[in-house]
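J.: Any chance you could fold what I've pasted below:
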Amino acid sequence: MCGIAGILSAEPIDKLEEVVHVFKNALAHRGPDGEEIYLSEDKRVSLVHTRLAIQDLSDCAAQPMFSADRRFVIVFNGEIYNFKELRSSLKKEGEAFSSTSDTEVILKLYKRKGRECLNDLRGMFAFAIWDEQQKELFLARDPFGIKPLYYTVKNGQIAFASEIRALQFVGTEDSDISLAALNEFFLKGSVHEAATILSGIQLLPAASYLTWKEGEIREQKQYWSMKRQSASLLPSEAIKKTREAVLDSVRCHFVSDVPIGVFLSGGIDSTVIAMSAHLLGIKNLNSFTLRFESQSHDEGERARKTAEHLGMRHHEKLITEKEAKNLYTEYLAKIDQPTIDGFNTYCVAKFAREHGMKVILSGLGGDELFGGYASFKKVPKLFSLYQNLGAGGVFGKCLATFSKFSKGRWKRFWEGFSEKPHFYLSYLIFRGLFSRSEAQLLSHAPIEELTDPASGLLFENNAERVAFYETTVYMRDQLLRDNDVMGMACGLEIRVPFVDHVLWQAVSDIPADTRLNSKKILLDAFPEIPEWIKNKPKQGFSFPFDKWDFYEPSAQYKDWVKADAGIACQNWYQSWALSQWENFSQKR
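T.: As a prediction, the model looks like this:
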């Protein structure tokens with residue numbers, strides 16, 4: 001896990017050394033174990049790498065890394081979990097290795113297969129390879145987009161980096177705020193890829209690669225998609241397949257030359273990860289839990305009981321409002337793009353890093369894969385309600401007038417009657433922050449038709465459609481992005497065994513009614529899960545934000561928002577969103 005960046009041009013770059021120095025400083029927090037650069041003699045190519053050493057801790061694994069003939073050079077961020085198997089196959093084919101790193105495996109695979117090497121990789125990754133002979137840059141990102149890769153193209157140059165702040169600092173992009181992206185942030189708390197909050201920077205989409213040559217992008221293509229095959233499976237077969245696939249993923253995610261820990265809550269997902277490690281014979285695992293004074297948010301007792309049950313080395317920390325306020329100040333300095341989430345990840349990541357951890361497993365993704373969120377049942381019901389009561393028609397528009405007297409979620413609900421029934425809008429009403437009209441007023445963005453990311457796709461049922469939104473909108477655009485930024489802000493690699501394309505392919509042919517039924521299949525697949533975990537209502541890893549008020553935007557900013565858009569903060573998440581945007585605006 002690292003930070004990568006680079007700038008390449010069809011012509012020599014003026015003051016290239018200064019640009020590279022800025023890149024290194026901007027990404028230093030992502031790589032506390034070392035930093036290296038490559039500058040071509042003709043001043044047209046530079047690659048930067050800051051290292052968090054996980055695989056092969058020696059200097060042999062340092063990057064940028066060159067092929068033996070120095071034709072190819074790579075900078076890589078992430079982990080390849082099947083690299084040992086790939087390395088063994090390559091050795092049988094005559095390849096010799098000078099390190100035991102996964103980086104060298106990617107480099108040799110690319111030399112042999114070119115872009116087809118992506119089909120062999122299992123893991124989370126974002127990497128860049130420069131072909132000195134063909135004068136071509138190759139950028140690629142993992143199937144689910146766990147690792148980010150931002151880029152900007154301007155005046156015959158391309159610059160890329162693991163975080164947008166690195167591109168901002170060197171002034172390679174048009175730094176105007178994208179009003180459409182800002183509107184989306186106020187609507188749902190994040191910006192949908194490939195857009196970013198800045199109009200001049202794009203995020204390479206998940207499961208995609210890009211080639212650049214002679215001053216222009218030559219090709220951009222998606223190499224993997226979440227296509228599924230329906231199959232008739234007996235319940236016992238589905239349960240067996242789920243158990244085997246989850247155990248296999250957890251096993252792969254324990255590939256490391258440094259100790260690995262687990263974020264442990266009182267929920268099913270993190271317990272399954274910890275239980276799987278136990279079943280695989282992994283001993284003396286460190287677990288980390290945050291506790292709160294608010295009983296309705298505290299899962300610490302259950303987590304501790306689970307840790308003791310599994311023989312883990314358990315660590316817990318009480319987060320009071322006072323301490324949270326201090327941590328929040330730190331958190332604001334770490335944000336890359338404005339986000340409605342990430343603070344919880346920053347707090348627990350910092351706690352784990354203080355105990356010497358460099359790698360942690362998280363249960364993120366279990367809800368999306370096995371139907372754990374309330375949205376799986378409530379969004380289809382909401383959509384049906386809009387259909388039955390004639391949303392968009394005369395009666396629906398009459399109902400929509402109630403939005404003028406409502407606030408928060410109720411405002412979104414009533415306003416939803418003003419438009420024709422739209423499944424994605426129903427999802428945003430359930431999951432969102434501000435209503436469509438409020439987001440437009442706050443962002444000053446032109447009014448546009450709502451774009452459904454699932455347009456043109458076919459789904460087995462409505463639950464599967466919700467799963468697509470939760471995976472590609474909520475998880476990918478928000479949770480995974482915050483996991484990366486906040487984990488790396490603490491020098492911690494966060495791995496997500498449930499977000500694994502091999503696991504997904506293994507269970508995706510299980511009928512949606514079975515797989516997306518409130519995680520019942522996961523509970524059936526792991527009967528070893530303790531009763532104190534099985535029988536508790538879903539809570540989620542959430543902080544008592546509704547009881548704290550330190551994240552309020554400044555009074556001046558709140559007054560400006562109310563005067564300009566006629567909107568007053570009505571609840572904690574709207575106050576949080578305005579606070580994040582105010583912070584980002586001030587840092588620019």
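J.: my guess is Phe76 is in a strand, correct?
T.: Yes: per DSSP: H, G, I helix; E, B strand; the rest coil, Phe76 lies within a strand segment.
J.: Skipping its backbone neighbours, what lies nearest it in space?
T.: Closest residue to Phe76 apart from its sequence neighbours, by Cβ to Cβ, 6 or more residues apart in numbering: Phe127 at 4.0 Å. Yep, even glycine has a C-beta here, placed from its N, CA and C like the rest.
J.: From the chain's centre, how far out is stretch 496-512? Work that out for me.
T.: Between the centre of stretch 496-512 and the centre of its chain there are 17 Å (Cα atoms, centre = their mean, to the nearest Å).
J.: buried set for it?
T.: If you call a residue buried by 16 or more other Cβ atoms under 10 Å, then stretch 496-512 has these buried ones: 496-501, 503-508, 510-512.
J.: And the furthest pair within these?
T.: Val496 and Pro511 (24.6 Å; Cβ to Cβ).
J.: hmm, back to that, so the residue nearest to Phe76: helix, strand or coil?
T.: Here Phe127 is recorded as strand under three-state DSSP.
J.: who's sitting farthest from the centroid in the protein?
T.: Relative to the centre of the chain, and counting by Cα atoms, centre = their mean, the farthest-placed residue is Val394 at 41.2 Å.
J.: Quick check, pLDDT for that one.
T.: Val394 is assigned a pLDDT of 92 by the prediction.
J.: How much space separates it from Leu47?
T.: Distance, Val394 to Leu47, using Cβ to Cβ, to the nearest Å: 61 Å.
J.: again with His278
T.: 41 Å.
J.: The two: who's more crowded?
T.: Leu47 (27 against 16; other Cβ atoms under 10 Å).
J.: Leu389: neighbour count?
T.: By other Cβ under 10 Å, the residues close to Leu389 number 13.
J.: same check, this time on Cys347
T.: As a burial measure, Cys347 scores 21 neighbours (other Cβ under 10 Å).
J.: my guess is it meets Phe292, correct?
T.: No: at 10.7 Å, Cys347 and Phe292 do not qualify as touching, with contact defined as Cβ atoms under 8 Å.
J.: Name the residues contacting each of the two.
T.: Residues touching both Cys347 and Phe292 by Cβ atoms under 8 Å, 6 or more residues apart in numbering: 319, 543.
J.: hang on, the earlier thing: quick one: contacts for the residue nearest to Phe76?
T.: Applying Cβ under 8 Å, 6+ apart to Phe127 gives the contacts 4, 74-78, 106, 139-140.
J.: what's the closest non-adjacent residue to Arg302?
T.: Per Cβ to Cβ, 6+ apart, closest to Arg302 is Gly266, 3.2 Å.
J.: Doesn't that neighbour lie inside a helix?
T.: No: Gly266 is assigned coil when assessed by three-state DSSP, not a helix.
J.: So what touches whichever strand or helix holds Ser579?
T.: Using DSSP states H and E, Ser579 maps to helix 572-587. Here helix 572-587 makes contact (Cβ under 8 Å, 6+ apart) with 182, 185-186, 189, 197, 332, 335, 337-340, 408, 433-434, 545-546, 548-549, 551-554, 557-558, 561, 569.
J.: Can you tell me which of those are buried?
T.: The neighbour-count criterion (16+ other Cβ under 10 Å) marks 182, 185-186, 189, 197, 332, 335, 337-340, 408, 433-434, 545, 548, 551-553, 557-558, 561, 569 among the contacts of helix 572-587 as buried.
J.: At the geometric centre of this structure, which residue do we find?
T.: Nearest residue to the geometric centre of the chain (Cα atoms, centre = their mean): Leu480, 1.3 Å.
J.: Quick check, that residue in contact with Ile494.
T.: No: judged on Cβ under 8 Å, Leu480 makes no contact with Ile494 at a distance of 9.3 Å.
J.: Quick check: neighbours shared by these two?
T.: Here Leu480 and Ile494 share the contacting residues Leu364, scored by Cβ under 8 Å, 6+ apart.
J.: the inter-axis angle of the worst-scoring helix or strand of the chain on mean pLDDT versus helix 572-587?
T.: Sorted by mean pLDDT, DSSP states H and E, the helices and strands of the chain end with helix 555-565, the least confident at a mean of 80. Interaxial angle of helix 555-565 relative to helix 572-587 (axes from the mean of the first three to the mean of the last three Cα atoms, to 10 degrees): 100 degrees.
J.: Met124 sits in which helix or strand?
T.: Assessed by DSSP H and E, Met124 sits inside strand 123-131.
J.: Partner strands of that strand, with direction?
T.: Strand 123-131 sits in its sheet next to strand 72-80 (antiparallel), strand 136-141 (antiparallel), going by DSSP bridges.
J.: Let me have those in a markdown table, adding distance to Thr320 and mean pLDDT as columns.
T.: Below are those laid out as a markdown table (distance: least, Cβ to Cβ, whole Å; pLDDT from 0 to 100):
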| stretch | distance to Thr320 | mean pLDDT |
| --- | --- | --- |
| strand 72-80 | 35 | 97 |
| strand 136-141 | 39 | 98 |
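J.: Ok, which of those comes nearest Ser375?
T.: Among the strands paired with strand 123-131, strand 136-141 comes nearest to Ser375, with 26.2 Å by Cβ to Cβ.
J.: which residues of the stretch 451-588 of the chain score low on pLDDT?
T.: Across the stretch 451-588 of the chain, the ranges flagged by pLDDT under 70 are 537-542, 588.
J.: show me where it has strands.
T.: Applying DSSP state E, counting those that start in this stretch to the stretch 451-588 of the chain gives strands spanning 493-495.
J.: and what of the stretch 201-350 of the chain?
T.: Under DSSP E, counting those that start in this stretch, the stretch 201-350 of the chain gives strands at 202-203, 208-213, 216-222, 260-263, 286-292, 313-319.
J.: Present those as JSON lines; the columns should include distance to Glu237, mean neighbour count and mean pLDDT.
T.: JSON lines is the format used below for those (distance: least, Cβ to Cβ, whole Å; neighbours: other Cβ atoms under 10 Å; pLDDT from 0 to 100):
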{"stretch": "strand 202-203", "distance to Glu237": "38", "mean neighbour count": "22", "mean pLDDT": "96"}
{"stretch": "strand 208-213", "distance to Glu237": "34", "mean neighbour count": "21", "mean pLDDT": "97"}
{"stretch": "strand 216-222", "distance to Glu237": "31", "mean neighbour count": "12", "mean pLDDT": "96"}
{"stretch": "strand 260-263", "distance to Glu237": "29", "mean neighbour count": "24", "mean pLDDT": "96"}
{"stretch": "strand 286-292", "distance to Glu237": "32", "mean neighbour count": "22", "mean pLDDT": "94"}
{"stretch": "strand 313-319", "distance to Glu237": "36", "mean neighbour count": "17", "mean pLDDT": "95"}
